[in-house]
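Student: Predicted model follows, preceded by the sequence.
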Amino acid sequence: MELRVRLERLAHGMSQELEHNILPFWLRLEDRDHGGHYGAMDLSGRIEPRSPKAAVFVSRLLWTLSQVGSAKGDQACLAQASRTKRFLLDHVRDRQHGGFFWSVSHEGSPLEADKHVYAQAFSIYALSAHARATADAESLAAAQELFALIEERSRQPGGGYGEAFDREWRPIENRRLAPHGGVGTLTSNTHLHLIEAYTALAEAWADARPFTALRKLVVLFLESFLAAGGTHSHQTLSPRLEPYPGPASSGHDIEISWLIEAAGDVLADGELSGRLRAASAGLAAFAAQNGQARDGGWFTAGLNGSPVGVYREAWAQAEAVVGLVNAATRGNLPEMMDRAEATWTFIVRLMIDRAGGDWFEAVNKLGQPRPNGPKVGPWKDPYHQARACLEIARRSRLLQSN
């Protein structure tokens, strides 16, 4: 079957999932009393109304509502997005020292006041999306201000961005994303999402500064975070940009594969885009060989070619579909479309929570959720699964038009 027709069919199924399952679940979780969204729910569907609200969680909700509202012309989404923006700027933002707290209480009081660039990146990502969706000048100004702060406080002279800071932007150990990393440890995870954030800001703000910063960041990623041969990414680097040993992450690498190409599209630099496309193809091929099981599901990490753990996490399944479709369409590789369809079949069969809505956080090969895994939590939100649905629909439209 023609690739275009296959992608159109996949996009239809994913759009239906977004509209009828993912979005209704999250719209119901708005905290009308205190702002933002409830930050925790267990597998039984019990909401914990006094749970903390993390900056990453709030930002990802804002991004999702803004993107879905814009793509579908959904005014309810856009209205909720504006209220979520209000909570982010009024309660999660540190007006005294700048930037965004790691988390606040359910009422919006500072709880974990440290500043991590991972959380700052998602704040820029969300505010830029909201600015594009609604022409909101306040959101764009906040994203611009945070961009300038990161460039001033976090960017290192030798390359890369320091990641972990206290409330007053003094460097601290990078324990949130690198459990064994000291001060100055760099992670591919933070730098990837900073690429993502700067890509979104460059789309929202026609100024040379985000484009210049994005280009340098992408080159740094290519030259320092990718392993020799381009098969996978190094998860952590020393302050001197030397890789620390550790397992490869198939989930992160398939996500990296399409996000770096998206950055190249925005930069519109032919030579750099060629390098990014080659890197993307290598990452996607190796991740697929080492991370995808025979049933189509994806493991997050692997060591020496063997998967680590028994659970398939929701975010990795979502990113795999996009990364595989990106490889299939840009490289005209039907076998990658086979893999994408197999992953979607796995999601439909085992990952979607038919009774409770949205997706399980992680399941085993039998579709049994991880015991005590959250249905909603600081790292379980709609961002990955909603973005995958939107991205596949967008790519299908592009292929149809071409």
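Tutor: Perfect, thanks for sending it.

Student: And the strands in the stretch 251-400 of the chain, which stretches?
Tutor: Under the criterion DSSP state E, counting those that start in this stretch, the stretch 251-400 of the chain contains strands at 302-303, 306-307, 312-313, 362-363.

Student: element containing residue 216?
Tutor: Using DSSP states H and E, residue 216 falls within helix 208-220.

Student: Who are the packing partners of that helix?
Tutor: helix 137-153, helix 188-204, helix 250-267, helix 270-291 (3 or more C-beta pairs under 8 Å, 6 or more residues apart in numbering; DSSP states H and E). Yep, even glycine has a C-beta here, placed from its N, CA and C like the rest.

Student: Tell me the buried residues in the first one?
Tutor: The neighbour-count criterion (16 or more other C-beta atoms under 10 Å) identifies 139, 140, 142, 143, 144, 146, 147, 149, 150, 153 as the buried residues of helix 137-153.

Student: Excluding sequence neighbours, find me the nearest residue to the fifth one.
Tutor: Yep, that's residue 144 we're talking about. Distance criterion C-beta to C-beta, 6 or more residues apart in numbering; nearest residue to residue 144, sequence neighbours excluded, is residue 205 at 6.4 Å.

Student: Give the full set of residues in contact with that neighbour.
Tutor: Contact partners of residue 205, counting by C-beta atoms under 8 Å, 6 or more residues apart in numbering, are 128, 140, 143, 144.

Student: pLDDT score assigned to it?
Tutor: pLDDT, residue 205: 98.

Student: Burial check on residue 125, number of neighbours?
Tutor: Close neighbours of residue 125, defined as other C-beta atoms under 10 Å, add up to 25.

Student: go on, residue 94?
Tutor: Residue 94: 15 neighbours (other C-beta under 10 Å).

Student: Next, the contact list for it, please.
Tutor: 100, 101, 110, 113, 115, 167.

Student: separation between it and residue 37?
Tutor: 21 Å (C-beta to C-beta, to the nearest Å).

Student: my read: residue 221 touches residue 192, true?
Tutor: Yes - contact criterion C-beta atoms under 8 Å: residue 221 and residue 192 qualify, at 7.3 Å.

Student: okay, and for this structure, where does confidence drop off?
Tutor: 1, 302-308 (pLDDT under 70).

Student: the domain parsing of this protein - what is it?
Tutor: Split into domains by automatic domain parsing, the chain comes to 1-30+247-402, 31-212.

Student: Work out the gap between the last one and the centre of the chain.
Tutor: Averaging C-alpha coordinates over domain 31-212 and over its chain gives two centres that are 11 Å apart (C-alpha atoms, centre = their mean, to the nearest Å).
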